[in-house]
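Trainee: Pasting the sequence and the predicted coordinates here, then a few questions.
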Amino acid sequence: MRRRGVALGSVAVVATAVVFVVPFVFVLLTASKTQQDALDLDFSLPTRWALLENVRTVLATNDGQLVRAFWNSTVLTVAAVAIMTVLAAMVGYVVQRRRSRWNPVVDALVLAGLIIPPAVVPTIWVLQGIGLFKTMAGLIAVHVAFGLSFCILLFRAFVATIPRELDEAALIDGAGPSRLFFSVIFPLLRAVVVTVVVVQAVTVFNDFTYALYFLPGADNATVQLTLYNYQSQGLNQWNLLFADVLLITIPPLIMYAFFNRQIVAGMTSGAVKG
Amino acid sequence: MTLVHSALERTTERPARRQTRRAGARSPYPTWFFLPAGVFYLVLFVVPTGASFWFALTRWDLYSAEFIGLDNFQQFFREPALVKGFVNTFVYAFLTSGAKVVLGLALAVLLTSQIIARGWLRSVVFFPVLVSTIGVGVMFKVLLDPFDGAVNTVLSWVGVTGPGWLTDPSLALFSVAMVDVWKGVGLATLIYIAGLVAIPQEYYEAARVDGASAWQNFRSITLPLVRPATVTVVLLSLIGGLRSFDLIWTMTRGGPGFSSDVIGSVIYKQYQAGFYGLSTAGNVVLFVVIAVIIFPLSRWLNRKEVPL
């Protein structure tokens, strides 16, 4: 049994290395090459390591568009995720705790939000109507609206594990509804908040489609759009293109390194409940 | 990633305490908590979705809409290029979904067994899920390049002339689907791992006493008991596959020709060209397709639970 595990494991390590690791090694190698070297698109080691140089060049391109884009993406991600987490927690909490005639409505809307593809052009029309088209605020609001369903679902399931006695105790101590939620319940949701924040942060940060539709233009591009624009120009600067790929992969990578266990735990706890 | 599955489940709650209107008003769980989320959702999701049914019937330039009945839909289904996108959407969705189920389950079985480097393997398989679709698209566009690409270079070492993965019209859609599976299989694996570890070990012990083979174990214990995970993976990847746009757009732009167009890319092309009404009609078609497939499917999948 043990022997088989080692053999099978070795095969698996090699196979996954080829399938999953090699492509990233290729990105790293190409990003480290000079433009001339990178044109070959092969797996050779760079004749001269130019990674830092390439990163600097990418960051400086178009008057530092990528730096601006990093700022934009950060603002977008932080704002959208913060808003949707708090709002979804409020909904998940009330929907779980209190049975009212609104519950079926909320349930139906949550389900619809998970399944129905957003109608993009009419959304642009609405954003224009309220003056938020092509603004960061508009894109933030869109992400909040589209991300709520998933968050509500997770919160709802988790709130069920918090004993009601806590609510009663807080109420006896004189807490009002808002205070009960924000001072007592919300801090207890921390485990699921981490999951929601990490998953949604990765989603929002990596989003390309909605930025493409709702926030076009070079000035307020997000990092995903810079990569897309870079690629659309059809330049043969593979080294710079891949340096860009590398740079925008770092934030999710950091997230993953820090929260690996929580992501997995949080996702699996909610994922399969028989 | 509980998503659809648990959402579709009947939530079992205790029978409610009857609440009079007055008691409801003083409830510690105020209804206004729904309000802020509701505003976002209503304004930016419900209203546009509702409006799409009207705008799909119009010639529309974002400012004025002229009612033209079902012309947009007629055009959609009369133009071969658009119909191609419609068909491709199904092929793509079912292909990726099927592959994710099979590979995800296989990987999960492997990664929950007694093998070395388990933690490392799990991380490696899951990591692509976190990389942006655009990044993955760019990466594979280069790797799959017909002349210089690494994939074909490796194939040439063993004497095979690799095809033009993304430039051959009959292959482009499948190549993109393959990349989609590469990126998404980690999530399927994760869901399956969660399902597998929830299966009580006693079943396997009992089976061992009865002298069951590994395959019998898998067939009669693992497969039926991991069903909830399968339902989740199938529904998730089908919905994702039917909606797919960004990977296809980055890698092929629906080309060559219209060979890898899906509804998502058709919607974007019509939008770019200024045919807002037609674009929105595409959205309505997508909406209907997803509803027609997902709702009955989820109901059917969730009904056939195995009794434990």
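Mentor: Received, thanks.
Trainee: Could you list the low-pLDDT ranges of the stretch 1-150 of chain A?
Mentor: A:1-2 (pLDDT under 70).
Trainee: any chance you could map the strands in it?
Mentor: With DSSP state E, counting those that start in this stretch, there are no strands along the stretch 1-150 of chain A.
Trainee: At which residues are the helices of it located?
Mentor: Secondary structure of the stretch 1-150 of chain A (DSSP state H, counting those that start in this stretch): helices at A:2-16, A:22-31, A:35-38, A:51-97, A:103-115, A:120-129, A:136-159.
Trainee: in which helix or strand would I find the nearest residue to B:Gly195 once chain neighbours are set aside?
Mentor: Once flanking residues are discounted, B:Gly195 sits nearest to B:Ala229: 3.0 Å by Cβ to Cβ, 6 or more residues apart in numbering or on different chains. In short, each C-beta sits where N, CA and C put it, glycine included. Using DSSP states H and E, B:Ala229 sits in helix B:227-243.
Trainee: Give me the distance from the helix or strand following that helix to the chain's centre.
Mentor: Per DSSP H and E, helix B:227-243 leads on to helix B:246-251 as the next helix or strand towards the C-terminus. Chain-centre distance of helix B:246-251: 15 Å, with Cα atoms, centre = their mean, to the nearest Å.
Trainee: any weak-confidence spans in the stretch 1-150 of chain B?
Mentor: By pLDDT under 70, the weakly predicted segments of the stretch 1-150 of chain B are B:1-26.
Trainee: At which residues are the helices of it located?
Mentor: Under DSSP H, counting those that start in this stretch, the stretch 1-150 of chain B gives helices at B:3-8, B:21-25, B:34-41, B:47-55, B:71-78, B:80-112, B:118-130, B:133-143, B:150-157.
Trainee: Can you lay out these as CSV showing distance to chain A and mean neighbour count?
Mentor: Output for those, formatted as CSV (distance: least, Cβ to the nearest Cβ, whole Å; neighbours: other Cβ atoms under 10 Å in any protein chain shown):
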stretch, distance to chain A, mean neighbour count
helix B:3-8, 5, 23
helix B:21-25, 7, 9
helix B:34-41, 4, 19
helix B:47-55, 4, 19
helix B:71-78, 12, 16
helix B:80-112, 6, 20
helix B:118-130, 4, 19
helix B:133-143, 5, 25
helix B:150-157, 6, 15
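Trainee: if we compare these, which one ends up closest to A:Lys134?
Mentor: Across the helices of the stretch 1-150 of chain B, A:Lys134 has its closest neighbour in helix B:47-55 (16.3 Å, Cβ to Cβ).
Trainee: Go ahead and flag the most central residue of the chain.
Mentor: Unless you meant another one, I'm taking chain A. By Cα atoms, centre = their mean, chain A has its centre lying nearest to A:Val202, at 1.8 Å.
Trainee: Chain B was what I was after
Mentor: Centre-most residue of chain B, counting by Cα atoms, centre = their mean: B:Gly240, 2.0 Å.
Trainee: List the contacts of it.
Mentor: By Cβ atoms under 8 Å, 6 or more residues apart in numbering or on different chains, the residues touching B:Gly240 are B:96, B:184.
Trainee: How far does stretch B:119-135 sit from its chain's centre?
Mentor: The answer for stretch B:119-135 is 17 Å, by Cα atoms, centre = their mean.
Trainee: same thing with stretch A:118-125?
Mentor: Here stretch A:118-125 shows a centroid-to-chain-centroid distance of 22 Å under the convention Cα atoms, centre = their mean.
Trainee: Show residues contacting that stretch.
Mentor: Contact with stretch A:118-125 is made by A:133, A:142, A:146, A:213-214, B:44-45, B:47-49, B:51-52, B:55, B:62, B:267, B:271, B:276, B:279-280, B:283-284, B:287, as judged by Cβ under 8 Å, 6+ apart.
Trainee: Quick check: A:Phe186 vs B:Leu238, distance?
Mentor: For A:Phe186, the distance to B:Leu238 equals 34 Å [Cβ to Cβ, to the nearest Å].
Trainee: Could you do B:Ser244 as well?
Mentor: 11 Å.
Trainee: what do these two both touch?
Mentor: The contact lists of B:Ser244 and B:Leu238 share B:Ala93, where a contact means Cβ under 8 Å, 6+ apart.
Trainee: looking only at pLDDT, what's the mean for stretch A:199-212?
Mentor: For stretch A:199-212, mean pLDDT is 92.
Trainee: Touching that stretch from outside, list them.
Mentor: Here stretch A:199-212 makes contact (Cβ under 8 Å, 6+ apart) with A:73, A:76-77, A:80-81, A:84-85, A:139, A:142-143, A:146-147, A:150-151, A:221-225, A:228, A:251-252, A:255, A:263, A:266-267, B:1, B:130-134, B:245-246, B:250, B:268.
Trainee: now the end-to-end length of that stretch.
Mentor: Using Cα to Cα, to the nearest Å, the end-to-end distance of stretch A:199-212 comes out at 21 Å.
Trainee: cool, stretch B:268-285 as well?
Mentor: 14 Å.
Trainee: Any buried residues in it, and which?
Mentor: B:268-271, B:275-285 (16 or more other Cβ atoms under 10 Å in any protein chain shown).
Trainee: Please list the residues outside that stretch that contact it.
Mentor: Identification of contacts with stretch B:268-285 by Cβ under 8 Å, 6+ apart yields A:117, A:119-122, A:212-213, B:52-53, B:55-62, B:65, B:68, B:72-73, B:75-76, B:82, B:86, B:245, B:249, B:254, B:261, B:263, B:266-267.
Trainee: Would stretch A:156-163 count as contacting chain B?
Mentor: Yes. Using Cβ under 8 Å from any Cβ of the partner chain, stretch A:156-163 reaches chain B at A:Ala157.
Trainee: how about that stretch: buried residues?
Mentor: For stretch A:156-163, the neighbour count (16+ other Cβ under 10 Å) marks A:156-159, A:162 as buried.
Trainee: do the same with stretch B:209-218
Mentor: For stretch B:209-218, the neighbour count (16+ other Cβ under 10 Å) marks B:Ala212 as buried.
Trainee: taking the mean pLDDT, what do you get for it?
Mentor: For stretch B:209-218, the mean pLDDT works out to 89.
Trainee: That one: end-to-end distance?
Mentor: 15 Å.
Trainee: Quick one: check it for contact with chain A.
Mentor: No. Using Cβ under 8 Å from any Cβ, stretch B:209-218 stays clear of chain A, coming no nearer than 10.9 Å.
Trainee: which other residues reach that stretch?
Mentor: With Cβ under 8 Å, 6+ apart as the test, stretch B:209-218 has contacts from B:109, B:204, B:207, B:220.
Trainee: PyMOL command for the buried members of those residues?
Mentor: Restricted to buried positions by 16+ other Cβ under 10 Å, the PyMOL selection for the contacts of stretch B:209-218 reads:
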select buried, chain B and resi 109+207
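Trainee: Tell me the one of the contacts of stretch B:209-218 nearest chain A?
Mentor: Chain A has its nearest neighbour among the contacts of stretch B:209-218 in B:Val109, at 11.0 Å by Cβ to the nearest Cβ.
Trainee: Could you tell me how far that closest one is located from B:Arg227?
Mentor: Distance, B:Val109 to B:Arg227, by Cβ to Cβ: 15 Å.
Trainee: quick revisit: now tabulate the helices of the stretch 1-150 of chain B in JSON lines and tack on distance to A:Val94.
Mentor: Converted to JSON lines, those look like this (distance: least, Cβ to Cβ, whole Å):
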{"stretch": "helix B:3-8", "distance to A:Val94": "17"}
{"stretch": "helix B:21-25", "distance to A:Val94": "12"}
{"stretch": "helix B:34-41", "distance to A:Val94": "7"}
{"stretch": "helix B:47-55", "distance to A:Val94": "23"}
{"stretch": "helix B:71-78", "distance to A:Val94": "40"}
{"stretch": "helix B:80-112", "distance to A:Val94": "35"}
{"stretch": "helix B:118-130", "distance to A:Val94": "32"}
{"stretch": "helix B:133-143", "distance to A:Val94": "35"}
{"stretch": "helix B:150-157", "distance to A:Val94": "52"}
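Trainee: looking at these, which is closest to A:Lys33?
Mentor: Comparison of the helices of the stretch 1-150 of chain B against A:Lys33 by Cβ to Cβ identifies helix B:133-143 as nearest, at 12.7 Å.
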